[in-house]
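Chemist: structure, please.
(2 chains)
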Amino acid sequence: GDSVTQMEGPVTLSEEAFLTINCTYTATGYPSLFWYVQYPGEGLQLLLKATKADDKGSNKGFEATYRKETTSFHLEKGSVQVSDSAVYFCAPSNAGGTSYGKLTFGQGTILTVHP
Amino acid sequence: GAVVSQHPSWVICKSGTSVKIECRSLDFQATTMFWYRQFPKQSLMLMATSNEGSKATYEQGVEKDKFLINHASLTLSTLTVTSAHPEDSSFYICSAPMGETQYFGPGTRLLVL
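Modeler: Numbering: from 1, shown residues only, chains lettered A, B, ... in the order given. Below you'll find the model as predicted:
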């Protein structure tokens, strides 16, 4: 079945530091790839997505590029803010069949940004 | 963007009672919804796929008689935790797809005493 390996956390950074959270996956077919963010005490929100190879998803200064050859979807941000403190989940979406739309979640990476 | 709501947002119940959690897609229809469970500081575990007009599909290891799912309409799915026990205490989250994107509810925190 599908699986996701995320960079282990927690990750602690100072404000304005560069962020990378690694994500690699195994999946059948050609999944769409998602990053979701969970702020303290809240549900998950879509952060960004990419639906095919070499696509770059971006939102709120975060970026991730769909790398089919390395089966990776690493999340990056050039300058983090305190408000980015949250848990980040990488998730490929099943490409088809009876499992279409199912997300497989990575273990989540806790990010804490200090002023 | 699409909005998914859950009700209640938190619930405390006595051991042995049943608890119903509602998941609604507010501005779109969803023939499929997903129910997840999240333990503290852990990832989301898919419990089941709720299918409008047919039986839910449960993931391996999830007791279908304990976690009853009903997809009553194109905008509503319910999860009933029957005969709840303290080990059922958790954060339950639903999601509904619009296109390729899943939209998540805010979650329901269940505490069984």
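Chemist: now the end-to-end length of stretch A:14-25.
Modeler: End-to-end distance for stretch A:14-25: 29 Å, by C-alpha to C-alpha, to the nearest Å.
Chemist: can you check stretch B:69-84 too?
Modeler: By C-alpha to C-alpha, the extent of stretch B:69-84 from end to end equals 15 Å.
Chemist: what's in contact with that stretch?
Modeler: Residues outside stretch B:69-84 that contact it (C-beta atoms under 8 Å, 6 or more residues apart in numbering or on different chains): B:13, B:15-26, B:28-31, B:33, B:35, B:47-48, B:50-54, B:56, B:65-68, B:88, B:92, B:94, B:96, B:110, B:112. Yep, even glycine has a C-beta here, placed from its N, CA and C like the rest.
Chemist: which strand or helix spans the nearest residue to residue A:5 once chain neighbours are set aside?
Modeler: For residue A:5, ignoring the flanking residues on the chain, the nearest one in space by C-beta to C-beta, 6 or more residues apart in numbering or on different chains is residue A:24 at 5.1 Å. Using DSSP states H and E, residue A:24 maps to strand A:23-26.
Chemist: which SSE is immediately downstream of that strand?
Modeler: According to DSSP H and E, the helix or strand after strand A:23-26 is strand A:32-38.
Chemist: so which bits of that following strand are buried?
Modeler: Using 16 or more other C-beta atoms under 10 Å in any protein chain shown as the test for burial, strand A:32-38 gives A:32-38.
Chemist: with stretch A:40-48 instead?
Modeler: Within stretch A:40-48, the residues that count as buried by 16+ other C-beta under 10 Å are A:43-44, A:46-48.
Chemist: just flag the most distant two among those residues.
Modeler: A:43 and A:48 (17.0 Å; C-beta to C-beta).
Chemist: quick one: contacts of stretch B:42-62?
Modeler: By C-beta under 8 Å, 6+ apart, the surrounding residues in contact with stretch B:42-62 are A:44, A:89, A:98, A:102-103, A:105-108, B:23, B:30-39, B:64, B:67, B:69-71, B:73-74, B:77, B:79, B:93-94.
Chemist: please type out the ChimeraX selection for whichever of these turn out to be buried.
Modeler: Filtering the contacts of stretch B:42-62 down to the buried ones (16+ other C-beta under 10 Å) takes a single ChimeraX command:
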select /A:44,89,102,103,105,106,107,108 /B:23,30,32,33,34,35,36,37,38,67,69,71,77,79,93,94
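Chemist: mind putting the buried residues of stretch A:40-48 in a markdown table, pLDDT included?
Modeler: Below are the buried residues of stretch A:40-48 laid out as a markdown table (pLDDT from 0 to 100):
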| residue | pLDDT |
| --- | --- |
| A:43 | 82 |
| A:44 | 88 |
| A:46 | 91 |
| A:47 | 96 |
| A:48 | 96 |
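Chemist: now do the SS call for the residue nearest to the spatial centre of chain B.
Modeler: Among the residues of chain B, the one closest to the centroid is residue B:35, at 3.9 Å (C-alpha atoms, centre = their mean). For residue B:35, the assignment made with DSSP: H, G, I helix; E, B strand; the rest coil gives strand.
Chemist: great, nothing more from me.
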